[in-house]
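Student: Give me a 3D structure for the following:
(one chain, ligands or ions: 1)
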Amino acid sequence: MTYDLVVVANRLPVDRVVDEDGAVSWRRSPGGLVTAIEPIMQEYDGAWVGWDGGPDGPDEPLDQNGMLLVPVPLSAAEIEEFYEGFSNGTLWPLYHDVVAKPSFHREWWDAYVTVNRRFAERAAALAAENALVWVHDYQLQLVPAMLREARPDLRIGFFLHIPFPPTELFVQLPWRRQILEGLLGADLVGFQRPGGAQNFVRLVRQRVGHKTHRDLVYLADGRTVEADAFPISIDFAGLAEMAQTDAVVARAREIREQLGNPRHLLLGVDRLDYTKGIYTRLRAFGELLADGRVDLEDAVFLQVATPSRERVDEYRRLRDEIDMLVGRINGDYGRLGHPAISYLHNSFPREEMAAMFRAADIMVVTPLRDGMNLVAKEYVACRVDNDGALVLSEFAGAADELKQAFLINPYDINGMKTALLEAMDGQPRDRSRRMRAMRKTVKEHDVAAWAAEFMGRLREVRPDHHKRLREVPTDDNQ
Ligand code: GDG
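Tutor: Down below sits the predicted model:
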């Protein structure tokens, strides 16, 4: 059996859950990618290739809601070297402005190649003649070329969910050329922001020596590769609906009460990751309390930090640093039964997240670098009352669209403090004007629009595209 659409992503849209008796079941993982892609998968009769999240998982496909899920098993050593190592210890920090130091290890690279090949082989075996294959994210950048080699008939799309770094940083990577050539196996390479596409095209021209013109790369064999921005989004309608249910409204009220009904409730929701700028954000809030510009009776900070990559050293260190900072701020400024920062190192059901978004007056999203940041868009979707303010880092992809947010530079603590005060002191009319505009933007460009746009462009690639685009312009290489 073969499929007209194959999605290849590091993770399957389900988690394998093993209970106390050793019985195995599958639970749909709540990620946005599933919501985005599921309808297309059903339309196309699709298959999804991905890892189940644990060591030595099963090898047999399973059917779920009209899509075939095809697990790619990883050994414990591969999880360490391919996933925690090369993906999260090398590429993740390198692609996020080197905000942490990337580690370069040759054994990690070898594991990356091996695992990418396994993903490519699975996909090659599943794809029908001329099928569309959509490969996702930084863990699988070699898959497009490996797949192209095995199956030149396929139309291959790649989407990078994280930023594509400036050329000066990318060239640190000892395997830079292999990664670029891996991506060039695709017909369409998608990025969150136009800058990512430009960085990629420039690198391909400078480092691999291909001719380029605007967002097109002309390969020696006559094939062309197109690079463009496709900013990802969220299920706006679904979230807005959830945010209006009685249960969520009641829970939002309860959350505010539990936090002492502050005049301003500030909220942060992030994976506990050093790119998210949690430390500087809390420091800015702590300084506002220290300066006396914000009073504990006036403002409380609720920070949710979802556990993430806990076996990676850098993440353990970050957790300790944030624990210490929260402890210090609460020790200095909190009162009995009334901490300045409520810090939750845990994950929550989506309804609870929606209730937090509805409860919060100010959403504080301050990544040092972020591909998009869905949390910012989710907050906006949940503000069905058109109230609430968003403080947003200009280094998140979301800043391109959410222009009415209070935009900040997360490295500028004073600037961040000023923006927090402005957001707190803002007039209701101004808040509502900003929120309406942002809601309109996210509503009009939701995740379904994102997926349809990418798929639409990929579908336009013809099996004979190399003939059609043979003519190479000469006015390039600017
Ligand atoms: C990468 C890129 C890009 C978080 N805690 C809980 C929970 N979440 C949900 C959020 C949101 C998602 O996880 C996180 O998405 P982000 O976009 O904020 O960040 P990354 O995880 O770093 O995602 C990013 C994204 O890919 C998509 O392309 O935007 O730039 O880094 O949806 O709500 N959900 C639930 N409980 C939690 O405790 N249910």
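Student: Show me what from the protein comes close to the ligand.
Tutor: Listed as neighbours of the ligand in the chain under the rule CB under 6 Å from any ligand atom: 30, 32, 161-162, 232, 269, 271, 306, 347-350, 353, 370-375, 378. Every C-beta, even on glycine, is put in place using the N, C-alpha and C of the backbone.
Student: Mind doing that once more with 8 Å?
Tutor: Taking CB under 8 Å from any ligand atom as the test, the list of the chain residues beside the ligand reads 30-33, 137, 161-163, 192, 232, 234, 269-271, 273, 275-276, 304, 306, 308, 346-350, 352-353, 367, 370-376, 378, 396-398.
Student: can you tell me how far the residue lying closest to residue 120 once chain neighbours are set aside sits from residue 342?
Tutor: The spatially closest residue to residue 120, leaving aside those adjacent along the chain, is residue 146, at 3.6 Å (CB to CB, 6 or more residues apart in numbering). The spacing between residue 146 and residue 342, counted by CB to CB, to the nearest Å, is 47 Å.
Student: For the spatially closest residue to residue 394 that is not a sequence neighbour, which three-state class applies?
Tutor: The spatially closest residue to residue 394, leaving aside those adjacent along the chain, is residue 407, at 4.9 Å (CB to CB, 6+ apart). Under the three-state scheme (DSSP: H, G, I helix; E, B strand; the rest coil), the conformation of residue 407 reads as strand.
Student: partner residues bridging residue 407?
Tutor: On DSSP bridges, the residues paired with residue 407 through beta bridges are residue 392.
Student: closest point of the stretch 51-200 of the chain to the ligand, which residue?
Tutor: With CB to the nearest ligand atom as the measure, the residue in the stretch 51-200 of the chain that lies nearest the ligand is residue 161; the distance is 3.5 Å.
Student: Run a quick neighbour tally on residue 144.
Tutor: Other residues within reach of residue 144 by the criterion other CB atoms under 10 Å amount to 29.
Student: Who are the contact partners of residue 407?
Tutor: Applying CB atoms under 8 Å, 6 or more residues apart in numbering to residue 407 gives the contacts 392-394, 399, 419.
Student: So the residue of the stretch 51-200 of the chain closest to the ligand is in contact with residue 135, correct?
Tutor: No. At 11.5 Å, residue 161 and residue 135 do not qualify as touching, with contact defined as CB atoms under 8 Å.
Student: Who has more neighbours out of those two?
Tutor: residue 135 (31 against 20).
Student: which residues touch whatever helix or strand residue 182 lives in?
Tutor: Using DSSP states H and E, residue 182 sits within helix 176-183. Contacting residues not belonging to helix 176-183 are listed as 116, 141-146, 158, 170, 173, 189, 200, 203-204, 207-208 [CB under 8 Å, 6+ apart].
Student: Out of those, which end up buried?
Tutor: Applying 16 or more other CB atoms under 10 Å to the contacts of helix 176-183, the neighbour count classes 116, 141-146, 158, 170, 173, 189, 200, 203-204 as buried.
Student: Out of those residues, which sit inside helices?
Tutor: Using DSSP state H, the members of the buried ones among the contacts of helix 176-183 that fall in helices are 116, 143-146, 170, 200, 203.
Student: avg pLDDT for stretch 205-225?
Tutor: When pLDDT is averaged over stretch 205-225, the result is 95.
Student: Off-centre distance for it?
Tutor: Between the centre of stretch 205-225 and the centre of its host chain there is 28 Å, according to CA atoms, centre = their mean, to the nearest Å.
Student: How many residues are close by residue 358?
Tutor: Residue 358: 24 surrounding residues under other CB under 10 Å.
Student: Look up the closest residue to it, ignoring the ones flanking it.
Tutor: Excluding its sequence neighbours, the residue lying closest to residue 358 (CB to CB, 6+ apart) is residue 252, at 3.9 Å.
Student: outside of the helix or strand where the one you found lies, which residues touch it?
Tutor: With elements taken from DSSP H and E, the one containing residue 252 is helix 246-258. Contacts to helix 246-258, defined as CB under 8 Å, 6+ apart, come from residues 242, 262, 265, 302, 351-352, 354-356, 358-359.
Student: Format the residues you listed as TSV; extra columns: secondary structure.
Tutor: Below are the contacts of helix 246-258 laid out as TSV (three-state DSSP):
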residue	secondary structure
242	helix
262	coil
265	strand
302	strand
351	helix
352	helix
354	helix
355	helix
356	helix
358	helix
359	helix
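Student: And these, which of them are buried?
Tutor: Here the buried ones among the contacts of helix 246-258, as counted with 16+ other CB under 10 Å, turn out to be 242, 262, 265, 302, 352, 354-356, 358-359.
Student: Would you format these as JSON lines with pLDDT and distance to residue 256 included?
Tutor: Shown next, in JSON lines, are these (pLDDT from 0 to 100; distance: CB to CB, whole Å):
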{"residue": "242", "pLDDT": "97", "distance to residue 256": "18"}
{"residue": "262", "pLDDT": "95", "distance to residue 256": "8"}
{"residue": "265", "pLDDT": "98", "distance to residue 256": "6"}
{"residue": "302", "pLDDT": "98", "distance to residue 256": "10"}
{"residue": "352", "pLDDT": "97", "distance to residue 256": "14"}
{"residue": "354", "pLDDT": "97", "distance to residue 256": "14"}
{"residue": "355", "pLDDT": "98", "distance to residue 256": "10"}
{"residue": "356", "pLDDT": "98", "distance to residue 256": "10"}
{"residue": "358", "pLDDT": "98", "distance to residue 256": "9"}
{"residue": "359", "pLDDT": "98", "distance to residue 256": "5"}
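Student: nearest to the ligand, of the residues you listed?
Tutor: Ranked by distance to the ligand (CB to the nearest ligand atom), those are led by residue 352 at 7.4 Å.
Student: Brilliant, that's me finished.
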